[in-house]
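In: Structure for this input, please:
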Amino acid sequence: MMSTYKRATLDEDELLGSTVDEIYPTDMQVSVRRGRGPRCWANQTQLERRLLVLVCVLCFSLFICILTLGLYYRAAHPGLCLSESCVKVASGVLGALDRSVDPCHDFYGFACGGWMRSNPLPEGKSRWNPFSFLWERNMAVMKQQLENISIPGLSEAETKAQWYYQSCMNESKIQELGAQPLLELINQTGGWALTEPWNKSNFQQVLRVVSAQHHTAPFFTVFVSTDPKSSNSNIIQVDQSGLGLPSRDYYLNKTANQKYLDAYLGFLVELGVLLGGSAERSRSIMQEIVNFETELANITVPQEQRRDDELLYHKIQAQELQTLAPAVDWLPFLRDVLAPVELNKTEPVVVYAKEYLPKVSHLINSTDKSILNNYMIMKVVQKMVSVLDQRFQDARQSFFEVMYGTKKSCTPRWKLCVGDTDSALGFALGAMFVKATFAESSKTIAEDMVSQIKQAFEESVQSVSWMDPDTKKAAKEKADAIYNMIGYPKFIMESKELDKVFHEFEVVSDQYFRNVMQYYNFSARVTADQLRKAPNREQWSMTPATVNAYYTPTKNNMVFPAGILQAPFYSSAWPQAINFGGMGVVMGHELTHAFDDQGREYDKDGNLRSWWKNASVEAFKKQTQCMVEQYSNYSINHEPLNGKHTLGENIADNGGLKAAYEAYESWIQKNGEEPLLPAIGMTNRQLFFVGFAQVWCSVRTPESAHEGVMTDSHSPSRFRVIGTVSNSRQFSEVFSCPAGSPMNPHRKCELW
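Out: Predicted coordinates:
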């Protein structure tokens, strides 16, 4: 049932606006006889008098019943919200619903069925959801700012963002240059076997150039970040790298993925031809590259086996890398990648791929140097495809049609250019975005909501039965210490500070390829510069316009960019039920990451250490195993999910929903019941869960869904909803779901 109450026959407004006389007028004729006037009481027979008294008693009783029902209804349901914003949001909620679906059988279908019918995939998209819609809207705002050259008082950095965008939009110049900028880059790097005889012993030099100058990571990745076991210092970190295709499974499970491998090979061959190679030569070289990547995939450790940071962490000296992976000249490599910082052989390094590095070293030593060189150059080529002329864009689009099921589209170039500008100068562009859209009051509102959700989460932690008192106390201290960053970093609103950040980033308005290369060099210098500095707790890893949020274990902080602090996640004009169900659950999700299977390993100061008692650790693992099994039993297009790979996100989804709901209950206790939305016929508690589910309404191609199962640490949208609500006792109570129904199973996985 959608609601536990029944409406009175009369609308409440009608009832309260009526008098007894209006309902039963004084001139009502109980008995009318044609040709005669009204009869007085004295002239009535005894039977008529009794009937008249009975009618009066019944009328009075009916009036009392209606009045009592009206008063009860008003007490339990304090009216309707009929403001313009409430009517609009009610219309949106109604349009997304599918009332033919039983919410206790399939809550995702109930909450999102209408949305999915009315939202076919846009051209060129492999998936579409409220996140996508909001990002499109944010991009339109950024486009307007980037194209408005008459904005007064722009900072130097903001002007660079406009120039960068202009260079990307200068298609005539890009078409005129064609592949020439990339060909020159390849020649400067040492050339390759595609277009000329090649027999060089320059592996070490090429590896350093493509890694340091071209921002690629052919065999492994090197970066500078906070030392997980010493969160007040930065350190060099080394890990396994990615592959050309999104997951190792594409290479290793050829039965299920042959069409993707064929499309990938075809894409590489076409790139080779566009860069001057013959079709035959290009196919031969690219097949060798795919074969080599398959060997790399075979030694790459699957992500689900890399969830325990304590086991992955290995701190060594730089000179020990030479023993671990002797195929690489490590000190010259690190000095080039992290120039101009000076390094010596005792420099501390954290390795996350202790098993992988010896294997990749052996693979490098046992592979023909020509294949290694072609592979490294191809990594550069793939990175630069989006910067080249339309022929390269068409080749990539043809590959995406197979890889992600996207239909060929005429996506405006400005969208690509806005996105790329956000990637390169996102904080300069973010300053423009914030000034155009973000209300400062939103920060205060968001801070208050986070505080309420944090309090609800802490109360939930104290009530769990499987955790010992000492660990509970430490968990509360960690939750209290979480630092919130909301909207945007402060420095972007100070022109001098913003200009200082981008001072060394040279941008010209008509050289797109050059600007991109300048960005890679600038980014590398910024990264290297962090090595000798203490981590900045207020440093952001997302730009202000981003429609997302994140939690950082080593900093114990949560970040909520301005880009997500708006409809459909939050609006000050909406009922709090929807705000807590949308943005509130997002906040609870990020907060819960501090206590998921990875985040829980870090203490309140962001240090990776054992701060739980052993009994609570074992109990935690037992509780989470329930979720691993639950989500592994779900499948999409007959493909089972990997509950171990998605465990952290599933924990965050479940904990976030519970914390947000309890925070909403607390809000009601302080502020009273809020008016209902019109026409929906739901209580506000039911609306909370609908608001949560409708954030995750989504459509995507089968190919994109397949890629998500293999690579995404989040469960598919459908299971983020039904997996979470089926574990929620509050959901089952609110919707009166029978025990044993699909959304109210007897076995519930409960953690926080």
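In: so what's residue 654 up against?
Out: The contact partners of residue 654, by Cβ atoms under 8 Å, 6 or more residues apart in numbering, come to 592, 627, 723-724, 727-728, 749-752. Every C-beta, even on glycine, is put in place using the N, C-alpha and C of the backbone.
In: roughly how far apart are it and residue 692?
Out: According to Cβ to Cβ, to the nearest Å, residue 654 stands 12 Å off from residue 692.
In: Including neighbour count and pLDDT, could the contacts of residue 654 go into CSV?
Out: Output for those, formatted as CSV (neighbours: other Cβ atoms under 10 Å; pLDDT from 0 to 100):
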residue, neighbour count, pLDDT
592, 28, 97
627, 23, 96
723, 24, 97
724, 27, 97
727, 25, 97
728, 22, 97
749, 21, 95
750, 17, 92
751, 22, 90
752, 22, 92
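In: starting at the chain centroid, how far to the helix or strand hosting residue 255?
Out: Following DSSP states H and E, one finds residue 255 within helix 254-274. In terms of Cα atoms, centre = their mean, to the nearest Å, the centre of helix 254-274 is set 29 Å apart from its chain centre.
In: which strands and helices sit next to that helix?
Out: helix 249-252, helix 279-299, helix 369-384, helix 390-403 (3 or more Cβ pairs under 8 Å, 6 or more residues apart in numbering; DSSP states H and E).
In: Dump the first one to CSV, keeping only the CA atoms.
Out: In CSV, the C-alpha atoms belonging to helix 249-252 read as follows (Å, rounded to 0.1, in the frame of the first residue of the first chain):
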residue,chain,number,x,y,z
ASP,A,249,39.0,-9.3,-18.5
TYR,A,250,38.6,-7.9,-22.1
TYR,A,251,41.9,-9.5,-23.0
LEU,A,252,41.6,-12.7,-21.0
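In: Need the contact partners of that helix.
Out: Under Cβ under 8 Å, 6+ apart, the answer for helix 249-252 is 243, 245, 256-257, 260-261, 264, 290, 293-294, 297-298, 710.
In: at 10 Å instead, please
Out: Residues from elsewhere that reach helix 249-252 (Cβ atoms under 10 Å, 6 or more residues apart in numbering): 243-245, 256-258, 260-261, 264, 290-291, 293-298, 300, 302, 403, 706-707, 709-711.
In: any idea of the mean pLDDT in that helix?
Out: Confidence for helix 249-252, expressed as mean pLDDT, is 95.
In: What residues of it count as buried?
Out: Residues of helix 249-252 classed as buried by neighbour count (16 or more other Cβ atoms under 10 Å): 249-251.
In: Kindly report the same for the third one.
Out: Buried residues in helix 369-384, counting neighbours by 16+ other Cβ under 10 Å, are found at 372-381, 383-384.
In: would TSV of those with distance to residue 198 be doable?
Out: Putting the buried residues of helix 369-384 into TSV (distance: Cβ to Cβ, whole Å) gives the following:
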residue	distance to residue 198
372	11
373	7
374	8
375	13
376	12
377	10
378	13
379	17
380	15
381	15
383	21
384	20
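In: Can you add pLDDT and distance to residue 422 and give the residues you listed back as CSV?
Out: Below are the buried residues of helix 369-384 laid out as CSV (pLDDT from 0 to 100; distance: Cβ to Cβ, whole Å):
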residue, pLDDT, distance to residue 422
372, 97, 34
373, 96, 34
374, 96, 32
375, 97, 30
376, 97, 28
377, 96, 28
378, 96, 27
379, 96, 23
380, 96, 23
381, 96, 24
383, 93, 18
384, 94, 19
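In: Return the residues in contact with the closest residue to residue 482 other than its chain neighbours.
Out: Spatial nearest neighbour of residue 482, excluding adjacent residues (Cβ to Cβ, 6 or more residues apart in numbering): residue 556 at 5.5 Å. Contacts were defined as Cβ under 10 Å, 6+ apart; by that measure residue 556 touches 231, 478-479, 481-483, 537, 594, 599, 602-607.
In: what's the answer for residue 641, then?
Out: 630-635, 650, 708-709, 712, 715-716, 719, 723.
In: what do you get for residue 320?
Out: Contact analysis of residue 320 by Cβ under 10 Å, 6+ apart lists 314, 330, 345-346, 349, 351.
In: for residue 527, same thing?
Out: Taking Cβ under 10 Å, 6+ apart, we find residue 527 in contact with 215, 222-225, 234, 337-338, 341.
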